[in-house]
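Chemist: any chance you could fold what I've pasted below:
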Amino acid sequence: MRDIQHLLSLQNGANFSVPGAGKTTVSLALHILARKPGQHILVVGPKTAFPAWREVVEECIADDAPGDNAEKFTVLSGSSEAIQRALSSGATRFVINYDLMIQIPEIITSYLSRQPVHLLLDEAHRMKAGFRSQRGAFLLNVAPLPIRRDILTGTPMPQHPSDIQSQLDFLWPGAGLGFQIGQGLPRVRSWDNFTSGLPNKSWAFRSPIEVSSIFPWRKDRWFSTASSETRHCANSARFEPNPA
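Modeler: Take a look at the predicted model:
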């Protein structure tokens with residue numbers, strides 16, 4: 001409930017909880033609670049994540065749930081024509097893999113342009129290369145189109161702290177979060193000094209400066225110096241630039 005309440009307070013969100021912590025369930029609940037009439041959800045993820053998205057509806061939503069809350073996810077596959085038919089079929093929940101997404105950029109772009117869509121990236125670190133990869137470049141280019149964006153990954157920085165840059169630029173296009181992290185400024189002198197200013201260690205970042213101040217640290221350094229409570233919060237970090 002804590003995670004859902006916090007994500008509902010954000011326009012876009014990131015869930016970095018460890019694998020198996022229930023990110024899929026939280027994300028479905030978030031979509032149901034935040035959804036506006038006519039809104040769709042498109043999940044982009046690896047094929048290995050598809051079973052979780054198919055099963056989460058059966059496990060968490062009763063068949064007689066009101067409205068279309070019990071709708072199962074439609075896996076987008078096959079030809080371009082088949083995918084276009086699926087997107088226009090009246091269904092509202094879709095999942096597609098990263099490789100197929102970049103093979104049909106015009107279809108996905110058109111869909112995001114004409115339809116209010118909640119776009120969610122599962123295993124979002126797969127776009128860490130940003131404009132240096134096809135999937136990263138496509139997602140960064142279409143980022144302004146969805147009405148809500150969320151990213152899920154248990155390994156947001158699998159190789160280097162800079163791996164987070166493109167993911168934050170996807171969440172907040174034009175905010176310059178990735179650039180600030182790339183510049184490595186501002187730095188903090190100690191983990192305790194940084195976390196002492198956070199209310200209840202909530203990790204509800206509210207400005208690009210607050211977000212960028214943490215990531216110049218090497219991942220192994222700031223995880224090894226953090227308390228168990230703080231490490232849990234780090235795994236569940238949410239980001240939101242200052243709306244002002």
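
Chemist: quickly list what the residue lying closest to Thr92 once chain neighbours are set aside is bridged to.
Modeler: Of all residues beyond its chain neighbours, the one nearest Thr92 is His40 (4.6 Å), with distances taken as C-beta to C-beta, 6 or more residues apart in numbering. In this view, the C-beta of every residue, glycine as well, is placed from N, C-alpha and C. When bridges are assigned using DSSP bridges, the partners listed for His40 are Val117.

Chemist: who are the contact partners of His40?
Modeler: Contacts here follow C-beta atoms under 8 Å, 6 or more residues apart in numbering; on that basis His40 touches 92-94, 115-118.

Chemist: export those residues as a markdown table, with columns for neighbour count.
Modeler: Shown next, in a markdown table, are the contacts of His40 (neighbours: other C-beta atoms under 10 Å):
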| residue | neighbour count |
| --- | --- |
| Thr92 | 19 |
| Arg93 | 18 |
| Phe94 | 21 |
| Gln115 | 17 |
| Pro116 | 15 |
| Val117 | 23 |
| His118 | 23 |
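
Chemist: closest to Val75 among those?
Modeler: Closest to Val75 out of those is Phe94 (7.7 Å), distances taken as C-beta to C-beta.

Chemist: the residue nearest the centre of the chain in helix, strand or coil?
Modeler: Residue closest to the mean C-alpha point of the chain, counted by C-alpha atoms, centre = their mean, is Ile151 at 0.9 Å. Following DSSP: H, G, I helix; E, B strand; the rest coil, we place Ile151 in the strand state.

Chemist: what's near enough to touch it?
Modeler: 13-15, 120-121, 124, 167, 170-171.

Chemist: tell me which of the residues you listed is nearest to Arg2?
Modeler: When those are compared for distance to Arg2 (C-beta to C-beta), Asn15 wins out at 11.8 Å.
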